[in-house]
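Colleague: Quick one, fold the following:
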Amino acid sequence: MNSTQERVAIFIDGSNFYHSVKEIFGIHDNQIDFSKIIEILRNQKLLIGTYYYNASLDRGYNEEIYWKQQKFFAELRKIPDFHVVLCNMRKTRKPDGKMEFAVKGDDIYLATDMLSFAYENKYDVAILVSGDGDFVPAIKKVQKLGKKVENAYFSGSRSNFLRSVCNASILMDETVRKCLKEQK
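Modeller: Predicted coordinates for the structure are as follows:
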């Protein structure tokens, strides 16, 4: 290893990723080869880890979808240095009686890890895969610590403010097209 090689950590906002690929491509994230995405994003840098933040679906609401998601998480965990960080799923009943689900805590877990890893000097470059502008305060603090932050975003879910604060940005639409799994 080259001693001057930059160390990179990839932080994936799983809910943002899922909804982006579903909206833009009409597919689920389990149809994407995350190993390929990681290789493209790290771009020859030394990968110290990939951190994916999401929540388990409600098993009682739809057991088939729950098990598909669990299989997806298990596949992600097989990728070297890939960490699935599970947060909470909030379930609320809407006035029309339908259930609404929302991932809770994922942004704060991601921001906390990005900040604490920067303080611990675990990486030189953080790649944030999200279009959520709520991460801007954490990014500014990470940059004050001398770290670079790149924003990997989708055309359908982007924050211009987030991109303007980051050191670089990567449009993920074409990357995902290159990383689709072969359909069986």
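Colleague: quick one: Val142 and Asp113 touch, right?
Modeller: No. The pair formed by Val142 and Asp113 falls short of the contact definition of CB atoms under 8 Å, at 10.8 Å. Yep, even glycine has a C-beta here, placed from its N, CA and C like the rest.
Colleague: low-scoring pLDDT stretches of the protein, where are they?
Modeller: 1-3, 89-90, 99-103, 105, 183-184 (pLDDT under 70).
Colleague: what about the residue minimising distance to the centre of the chain, helix or strand, and which?
Modeller: Ranked by distance to the mean C-alpha position of the chain (CA atoms, centre = their mean), the top residue is Ile12 at 1.3 Å. For Ile12, the host element (DSSP states H and E) is strand 7-13.
Colleague: just how off-centre is that strand within its chain?
Modeller: Taking CA atoms, centre = their mean, to the nearest Å, one finds strand 7-13 lying 8 Å from the centre of the chain it belongs to.
Colleague: Give me the contacts around it.
Modeller: 38, 41-42, 45-53, 106-107, 110, 113-114, 117, 122-130, 132 (CB atoms under 8 Å, 6 or more residues apart in numbering).
Colleague: Then stretch 104-123?
Modeller: Counting by CB under 8 Å, 6+ apart, 7-9, 11, 13-15, 48, 51, 53-55, 85, 87-90, 126, 128, 130, 132, 134-135, 137-139, 141-142, 145, 147, 149 sit against stretch 104-123.
Colleague: Of those residues, select the buried ones using a ChimeraX command.
Modeller: The buried subset of the contacts of stretch 104-123, as determined by 16 or more other CB atoms under 10 Å, is captured in ChimeraX by this line:
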select :7,8,9,11,13,14,15,48,51,53,54,55,85,87,89,126,128,130,132,135,138,139,142,147,149
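Colleague: how about the strands in this protein?
Modeller: Using DSSP state E, the strands of the chain run over residues 7-13, 46-55, 82-93, 99-104, 125-129, 148-153, 168-171.
Colleague: would you turn these into JSON lines with distance to Leu180?
Modeller: Listed next are the strands of the chain as JSON lines, based on distance: least, CB to CB, whole Å:
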{"stretch": "strand 7-13", "distance to Leu180": "17"}
{"stretch": "strand 46-55", "distance to Leu180": "18"}
{"stretch": "strand 82-93", "distance to Leu180": "19"}
{"stretch": "strand 99-104", "distance to Leu180": "24"}
{"stretch": "strand 125-129", "distance to Leu180": "17"}
{"stretch": "strand 148-153", "distance to Leu180": "17"}
{"stretch": "strand 168-171", "distance to Leu180": "16"}
